[in-house]
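>>> Quick one: sequence plus predicted model below, questions after.
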Protein chains: 2
Amino acid sequence: MPTPGQGRRYHHGDLRAALIDTAIELIGERGVRNFSLAEASRRLGVAVSAPYAHFADRDALLAAVTVRAFNAFVADLLPGLPPDSDPAEQLAAMARGYVRFAASHRPLFEVLYQVGLDKARFPEIAAAEQPLDEAFDACVIALADEDPALAADDLATAVEATAHGHAMLLLDGDFGQGPAAVEEAADRAARAVLALLLGRQAFRKSSDIAPQPDPG
Amino acid sequence: MPTPGQGRRYHHGDLRAALIDTAIELIGERGVRNFSLAEASRRLGVAVSAPYAHFADRDALLAAVTVRAFNAFVADLLPGLPPDSDPAEQLAAMARGYVRFAASHRPLFEVLYQVGLDKARFPEIAAAEQPLDEAFDACVIALADEDPALAADDLATAVEATAHGHAMLLLDGDFGQGPAAVEEAADRAARAVLALLLGRQAFRKSSDIAPQPDPG
DNA sequence: GTCTATATCCCGATAGAC
DNA sequence: GTCTATCGGGATATAGAC
């Protein structure tokens, strides 16, 4: 008897969902890279072989966690957007929400961008990611409608990269710790997006801004 | 007999340096996450206990790799900057170099931003990072001299976040694979930095765009 | 669908000889 | 500074019973 009902009581009903929950817990406590199927089983009080009835292997469980993470990200980010505001404000709000999500759901965010699963093996991950990219694209396309020479794709990526970069630097500790650091990072990301949009002529198609030399 | 002299010659002279080299090799092949001291020893044809004569533990070796990675980053990035050009061009060139380094030295870049060592235990890491931050700061301060109301710190962080974000999205596959993807990402990062600088009034102190009290 | 049991393998770290 | 040997632990995955 491997100490059943150890710190946690055991399940009955939906081991699959319980495994996903527990995986998120463990990732929060010990990081993605130290997550193990065996420990998740132990915590749930089931045999280490039980997960294999629901997931082909460790990566398959992590893929399910990734899908849930994207769903949570979308559900967290999109409803908070200021309705009927101009696209620039919406993009700034998305950047702010992006950074906040990275902090408030750190384990999920780590799964999204650190786990490095084989995307060819798990196409459901790309599908779950799609609504997020579409939301960025929609705002930028709204801008491009007012400004047809804008290279919308490039700008959308730049906005996402800006939000992502601030989120990573925050999680890396560059803004300090605690709620104040989160808001500081979120504010700066939002302002960086506004600056990016103010200077968006750098993203015009057929720009006459000279390409930069290759420093070799 | 653990198959000595296996696939690789063995050292003599500088096991410490050889371990760092081999660690970088292994990280490139299998990711930081799956790197092990034991495998590095095996590859060098030394006993698994040999590394402990040079490093207190696994993290200490990874810390040495991190220091080398920062040194390589600085050595790669700074000499290529266009001399005597205006700060905006320099920052765009830094962003371009940042993205290129992430691609051309992927294992080192992964060590820098994924390994998550205890920075309090290894203060030499912060010291090795310093020249990089200083280079960003110097460019932004040059801009702020022309424009004293600029919130230089915030802008420096935003530039770094922009470069970092593009690098991460590139490594995540969002720009596709191959050298063309690298240049595409580098170009976009450079243009995003230029856009950021063009719109930098969003980073002015006492700005009425953002209701953010001035920290300094 | 879950359990018991087991096979196989790898890892970090230490002790003591040379 | 390196080797031999070993301790103690943990992981993934499979086989077969219920």
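Good, I have the coordinates.
>>> Low-confidence regions, chain A specifically.
By pLDDT under 70, the weakly predicted segments of chain A are A:1-12, A:206-216.
>>> which one's the longest helix in it?
helix A:123-146 (DSSP state H).
>>> Next SSE downstream of that helix?
Past helix A:123-146, further along toward the C-terminus, the next helix or strand under DSSP states H and E is helix A:152-171.
>>> and the residue in chain A that DNA strand C sits nearest to, what element?
When distances are taken as CB to the nearest atom of the strand, chain A reaches nearest to DNA strand C at A:Ala47, 2.7 Å away. The way it works is simple: take the backbone N, C-alpha and C, and place the C-beta from them, glycine included. Assigned by DSSP H and E, A:Ala47 falls within no helix or strand.
>>> and it, how many residues sit next to it?
12 (other CB atoms under 10 Å in any protein chain shown).
>>> sec struct for the closest residue in space to it that isn't next to it in sequence, please.
Spatial nearest neighbour of A:Ala47, chain neighbours left out: A:Ser41 (6.5 Å); criterion: CB to CB, 6 or more residues apart in numbering or on different chains. Three-state call for A:Ser41 (DSSP: H, G, I helix; E, B strand; the rest coil): helix.
>>> hang on, A:Ser41 packs against A:Val48?
Yes: A:Ser41 is within contact range of A:Val48, at 4.6 Å (criterion: CB atoms under 8 Å).
>>> So those two - more neighbours on which side?
A count of neighbours by other CB under 10 Å puts A:Ser41 above the other of A:Ser41 and A:Val48, at 20 against 14.
>>> List the contacts of the more buried one.
For A:Ser41, the contacting residues are A:Ala47, A:Val48, A:Ala50, A:Pro51, by CB atoms under 8 Å, 6 or more residues apart in numbering or on different chains.
>>> before we move on, the earlier item: any figure for the gap between the residue nearest to A:Ala47 and chain B?
Using CB to the nearest CB, to the nearest Å, one gets 21 Å for the distance from A:Ser41 to chain B.
>>> same check, this time on A:Gly165
Distance from A:Gly165 to chain B, by CB to the nearest CB: 3 Å.
>>> Likewise for A:Pro123?
14 Å.
>>> For that residue, grab the count of nearby residues.
For A:Pro123, the neighbour count with other CB under 10 Å is 10.
>>> hang on, the earlier thing: any chance you could list what contacts the longest helix of chain A?
A:63, A:66-67, A:70-71, A:73-74, A:77-78, A:87-88, A:90-91, A:94, A:117, A:119, A:150, A:152-153, A:155-156, A:159-160, A:197, A:200.
>>> Would you map the strands across chain A?
Using DSSP state E, chain A contains no strands.
>>> Let me see the contact set for the spatially most central residue of chain A.
For chain A, the residue nearest the mean C-alpha position is A:Phe109 (4.6 Å; CA atoms, centre = their mean). Residues in contact with A:Phe109 (CB under 8 Å, 6+ apart) are A:Ala69, A:Phe73, A:Phe101, A:Ala102, A:Ala167, A:Leu171.
>>> if I look at the residue lying closest to the last one once chain neighbours are set aside, how far off is A:Gly173?
What it means is A:Leu171. Nearest non-adjacent residue to A:Leu171, counting by CB to CB, 6+ apart: A:Ala102, 6.1 Å away. Separation of A:Ala102 from A:Gly173 (CB to CB, to the nearest Å) stands at 13 Å.
>>> same thing with A:His166?
A:His166 is 13 Å from A:Gly173, by CB to CB.
>>> So for those two, which residue has more residues nearby?
A:His166 (33 against 11).
>>> Now do the contacts for the closest residue in space to the more buried one that isn't next to it in sequence.
Nearest non-adjacent residue to A:His166, counting by CB to CB, 6+ apart: A:Ala189, 3.8 Å away. By CB under 8 Å, 6+ apart, the contact set of A:Ala189 is A:Ala95, A:Arg96, A:Tyr98, A:Val99, A:Thr162, A:Ala163, A:His166, A:Ala167, B:Ala161.
>>> Could you dump those into CSV with distance to DNA strand D added?
CSV is the format used below for the contacts of A:Ala189 (distance: CB to the nearest atom of the strand, whole Å):
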residue, distance to DNA strand D
A:Ala95, 35
A:Arg96, 36
A:Tyr98, 30
A:Val99, 31
A:Thr162, 35
A:Ala163, 32
A:His166, 32
A:Ala167, 27
B:Ala161, 33
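>>> Tell me who's in contact with the residue nearest to A:Gln201 when sequence neighbours are not counted.
In space, and not counting its chain neighbours, A:Gln201 is closest to B:Leu198: 6.7 Å by CB to CB, 6+ apart. Residues counted as contacts of B:Leu198 (CB under 8 Å, 6+ apart) are A:Leu198, A:Gly199, A:Gln201, A:Ala202.
>>> Just give me the neighbour total for A:Pro79.
Using other CB under 10 Å: A:Pro79 sits among 9 other residues.
>>> For it, give its distance to A:Thr157.
24 Å.
>>> likewise A:Arg100?
Distance from A:Arg100 to A:Thr157, by CB to CB: 21 Å.
>>> Can you give me every residue that contacts A:Phe203?
Contacts of A:Phe203 (CB under 8 Å, 6+ apart): A:Leu150, A:Ala151, A:Asp154, A:Leu155, A:Ala158, B:Arg191, B:Ala192, B:Ala195.
>>> close enough to count as contact, the second one and A:Lys205?
Yes: judged on CB under 8 Å, A:Ala151 makes contact with A:Lys205 at a distance of 5.1 Å.
>>> Those two: which has the busier surroundings?
Neighbour tally, A:Ala151 and A:Lys205, criterion other CB under 10 Å: the higher count belongs to A:Ala151, 20 against 11.
>>> What separation do you get for the more buried one and A:Ala69?
30 Å.
>>> now A:Pro83
25 Å.
>>> do the same with A:Val111
Distance, A:Val111 to A:Ala69, by CB to CB: 5 Å.
>>> re the thing from before, among the contacts of A:Phe109, name the buried ones.
Neighbour counting by 16 or more other CB atoms under 10 Å in any protein chain shown classes A:Ala69, A:Phe73, A:Phe101, A:Ala102, A:Ala167, A:Leu171 among the contacts of A:Phe109 as buried.
>>> which one among these gets closest to B:Asp21?
Among the buried ones among the contacts of A:Phe109, A:Leu171 lies closest to B:Asp21 (CB to CB), at 29.5 Å.
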